[in-house]
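Visitor: My questions are about this predicted structure, shown below with the sequence.
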Amino acid sequence: MNVLEIENLTVTFDTADGPFKAVDGVNFKVDQNDILAIVGESGSGKSVSMLAVMGLLPKTATITADKMTFEGKDIQNLSERERRELIGKDISMIFQEPIASLNPCFTVGFQIDEMLKAHTNLSGRERQARSVELFELVGIPDPAKKLKSYPHQLSGGQCQRVMIAMAISCSPKLLIADEPTTALDVTIQKQILDLLLDIQRQNNMALIMITHDMGVVAETAQRVVVQYKGRQMEEAGVLELFENPQNPYTKALLSALPERADGDRLPTVSDFADTFEQEGASS
Ligand SMILES: Nc1ncnc2c1ncn2[C@@H]1O[C@H](COP(=O)(O)OP(=O)(O)OP(=O)(O)O)[C@@H](O)[C@H]1O
């Protein structure tokens, strides 16, 4: 049984200028142990698709789908209580800005403890032990001391490790990582990606990686969904996508990779816009 299955997902926002369709007919499936990348440039509806799954969009959003199931169970019409039980426990998400995702007024230890309190029956002592264990797992040195830190006392990389520790604290079956390394230094990016992949393997989790970075896709994913202006352009295995992209937009994304440049100037996706604006949207 698939962990998550989405068919024909659309999200329309009510805006001052009228309805705006941010996601238009997206489909995908992830199974246990799968790593799916959702790739596309800024504004292509990657985050909105996942926030729709999590039920985290504002009331101005209208979400429709022919199918949206988690482990075979429909998640479109969950009550608030059912959603709280699912989110944070079975499905977790980490975001681009780790420092902004943590509450600056509380220690990171307090925040991880709150998460464990909400989703487990552990005693205070057991939660403290589990917090230390989680910090060790995500590679935070001197965990007992670091648990007493406020977010601003930690580096961006450490804050992202804290976010990962919180996200995996209740052993989710699906982790959604939304541009988890974009705000970090290049050297730290690689460490965080490796950490996510290690955790994914150890826990047999499904992992959805949202990114605009084809390098991250190549290093992490098994399958890839390519989105452009809210629409799904292509879905393929990662090797297939790099070797034989079918959609003009995917071809443009790949041609814009710095290592594929053959002139003095780096190409950009918009250099190829004529091709995929005409052909891509129809394929
Ligand atoms: N609450 C909202 N109201 C109206 N439009 C929104 C809202 N949230 C997002 N959008 C719009 O939906 C579109 C898709 O946004 P989304 O954040 O999913 O893009 P993305 O592909 O994840 O890009 P990025 O990497 O920049 O976040 C964008 O045009 C965005 O401006």
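Guide: Now that the structure is in, tell me what you want to look at.

Visitor: what kind of secondary structure is the closest residue to Asp178 other than its chain neighbours in?
Guide: Nearest non-adjacent residue to Asp178, counting by C-beta to C-beta, 6 or more residues apart in numbering: Ile210, 4.5 Å away. C-beta here means a position set from N, CA and C on the backbone, and glycine is covered the same way. Following DSSP: H, G, I helix; E, B strand; the rest coil, Ile210 is assigned to strand.

Visitor: Phe135 now?
Guide: Classification of Phe135 by three-state DSSP places it in helix.

Visitor: confidence score at it?
Guide: Looking at Phe135, its pLDDT stands at 94.

Visitor: now swap in Arg265 and tell me
Guide: 71.

Visitor: follow-up on the earlier one: does the residue nearest to Asp178 touch Thr182 like I think?
Guide: No: using C-beta atoms under 8 Å, Ile210 is not in contact with Thr182; the gap is 9.8 Å.

Visitor: Please identify every residue contacting each of these two.
Guide: Shared contacts of Ile210 and Thr182 (C-beta atoms under 8 Å, 6 or more residues apart in numbering): none.

Visitor: more neighbours, the two?
Guide: Between Ile210 and Thr182, Ile210 has the larger neighbour count (other C-beta atoms under 10 Å), namely 26 against 15.

Visitor: Now do the strands in the protein.
Guide: Remark: strands assigned in the chain by DSSP state E are 4-15, 18-30, 35-39, 61-64, 67-70, 73-74, 91-94, 174-178, 206-211, 223-228, 231-237.

Visitor: Reformat the ones you listed as TSV; add distance to Gly109 and mean pLDDT.
Guide: Below are the strands of the chain laid out as TSV (distance: least, C-beta to C-beta, whole Å; pLDDT from 0 to 100):
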stretch	distance to Gly109	mean pLDDT
strand 4-15	31	97
strand 18-30	32	95
strand 35-39	30	96
strand 61-64	34	96
strand 67-70	30	96
strand 73-74	34	94
strand 91-94	18	92
strand 174-178	22	95
strand 206-211	26	95
strand 223-228	37	95
strand 231-237	41	95
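
Visitor: These into CSV, with extra columns for distance to Leu197?
Guide: Putting the strands of the chain into CSV (distance: least, C-beta to C-beta, whole Å) gives the following:
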stretch, distance to Leu197
strand 4-15, 19
strand 18-30, 15
strand 35-39, 8
strand 61-64, 30
strand 67-70, 22
strand 73-74, 28
strand 91-94, 14
strand 174-178, 10
strand 206-211, 8
strand 223-228, 15
strand 231-237, 17
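
Visitor: and these as CSV, adding distance to the ligand?
Guide: Formatted as CSV, those follow (distance: least, C-beta to the nearest ligand atom, whole Å):
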stretch, distance to the ligand
strand 4-15, 4
strand 18-30, 3
strand 35-39, 8
strand 61-64, 7
strand 67-70, 17
strand 73-74, 23
strand 91-94, 13
strand 174-178, 7
strand 206-211, 6
strand 223-228, 7
strand 231-237, 11
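
Visitor: which residues touch Ala167?
Guide: The contact partners of Ala167, taken as C-beta under 8 Å, 6+ apart, are Ser92, Met93, Ile94, Leu175.

Visitor: quick one: low-confidence parts of this protein?
Guide: Applying pLDDT under 70 to the chain picks out residues 260-261, 263, 266, 278-283.

Visitor: which bits of it sit near the ligand?
Guide: Residues of the chain that fall close to the ligand, judged by C-beta under 6 Å from any ligand atom: 13, 15, 20, 22, 40, 42-48, 58, 60, 179, 212.
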